[in-house]
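Novice: Predicted model follows, preceded by the sequence.
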Amino acid sequence: MQVLKRIAFVVLASVCFASSVKAENYDYDSQLNKALHANKLVAIGDVHGSEHVVTRLIKYLDEPSNWQQLDDLVVEFGNARYQDLADQYLLSKQNISIDDVRHIWRDTLYFMAWQYDVYEQLVLKLKQLNSTREHKVRLVLAEPAMNWQTLSKEDWQKLERSRETGYLEAINQHVVAKQRRAILLFGAFHTFKKPIVISNQASPFSSVIALLEQQKPGSTYTVSRLR
């Protein structure tokens, strides 16, 4: 029942986010670049199951001048257990099969959310751009490392409860501590800047973006419109 409630809330958050998408008077590329130049972490709220958000991000990355503004792309859809694999595939010249790379998003807590082709297309695009451009962008896998073969029910529940703090730790370790410029691609549910009250929950829910803002106010920029 708890999982169903969480799924229902994610759907509601995604619908609310999608309803806020507007094009007028908003220059997507320049606003992202302005925020990155100001050393802000740029959070893009993904709507799982919709291609639009990730496709628009791919379009942004394809522009060479935009690519230069970025050091890391931090994603919710990647299991940190495979960070070395992601680095080898995207940042080296090693010949690694895409079949092996798919473990990055298929061996995750909520693998059902990442079965859409657009996430694989994003990884393939990063591979292409890193192989043809001098400046390299690293893919940072934010989901805490886990192994389905040894994961118990209790371990799964613990990971589910601690996801936001796990995301925060990954961002602090790979991005903040190294003063790198990053875009954070997370479900819209994880991009609320302030704690929110969820029915039947003992305490307010603080998303990873809310935690980052608590850690350093004004450190994030959330994309709420797409074009």
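Specialist: Nice, thanks for sending it over. Numbers count the residues shown, from 1 in each chain.
Novice: What about residue 105, how many residues nearby?
Specialist: 25 (other Cβ atoms under 10 Å). For every residue, glycine as well, the C-beta is placed using N, CA and C.
Novice: again, but for residue 42
Specialist: The burial count for residue 42: 23, using other Cβ under 10 Å.
Novice: tell me the average confidence for whatever helix or strand it lives in?
Specialist: Taking DSSP states H and E as the definition, one finds residue 42 inside strand 41-46. Strand 41-46 shows a mean pLDDT of 96.
Novice: Same check on stretch 88-106?
Specialist: The model assigns stretch 88-106 a mean pLDDT of 94.
Novice: Show me what counts as buried in that stretch.
Specialist: Across stretch 88-106, burial judged by 16 or more other Cβ atoms under 10 Å covers 89, 90, 91, 101, 104, 105, 106.
Novice: picking that back up, neighbouring contacts of the strand holding residue 42?
Specialist: By Cβ atoms under 8 Å, 6 or more residues apart in numbering, the residues outside strand 41-46 that reach it are 17, 32, 35-36, 53-54, 57, 76, 171, 175-176, 182-188, 190-191, 209, 212, 219-224.
Novice: Now with 7 Å, please.
Specialist: Residues outside strand 41-46 that contact it (Cβ atoms under 7 Å, 6 or more residues apart in numbering): 17, 32, 35-36, 53-54, 57, 175, 182-188, 191, 209, 212, 219-223.
Novice: Over to stretch 173-183?
Specialist: Residues outside stretch 173-183 that contact it (Cβ under 7 Å, 6+ apart) are 36, 41, 42, 44, 69, 70, 71, 72, 73, 74, 140.
Novice: One more: stretch 199-218?
Specialist: Stretch 199-218 has contacts (Cβ under 7 Å, 6+ apart) with 41, 43, 164-165, 167-168, 171, 186, 189-198, 219-220, 222.
Novice: try it again with 6 Å
Specialist: Here stretch 199-218 makes contact (Cβ atoms under 6 Å, 6 or more residues apart in numbering) with 43, 164, 167-168, 190-198, 219-220.
Novice: Which of those fall within strands?
Specialist: 43, 220 (DSSP state E).
Novice: In the contacts of stretch 199-218, which residue is surrounded by the most others?
Specialist: residue 43 (27 neighbours).
Novice: still on that earlier bit, ok, of the buried residues of stretch 88-106, which one's closest to residue 154?
Specialist: residue 106 (22.8 Å; Cβ to Cβ).
Novice: just to revisit the earlier point, chain center to the strand holding residue 42, what's the gap?
Specialist: How far strand 41-46 lies from its chain's middle: 7 Å, per Cα atoms, centre = their mean, to the nearest Å.
Novice: got it, and stretch 76-83?
Specialist: Between the centre of stretch 76-83 and the centre of its chain there are 10 Å (Cα atoms, centre = their mean).
Novice: List the buried residues in it.
Specialist: Quick answer for stretch 76-83 (16+ other Cβ under 10 Å): 76, 77, 78, 79, 80, 81, 82, 83.
Novice: With stretch 206-220 instead?
Specialist: 206, 207, 208, 209, 210, 211, 212, 213, 220.
Novice: quick revisit: which ones among the contacts of stretch 173-183 map onto helices?
Specialist: Counted as lying in helices by DSSP state H, out of the contacts of stretch 173-183, are residue 36.
Novice: my guess is residue 136 meets residue 130, correct?
Specialist: Yes - the criterion here is Cβ atoms under 6 Å, and residue 136 meets it with residue 130 at 5.1 Å.
Novice: follow-up on the earlier one: given the strand holding residue 42, what are its sheet partners and their directions?
Specialist: Note on strand 41-46: by DSSP bridges, its sheet partners are strand 182-187 (parallel), strand 220-223 (parallel).
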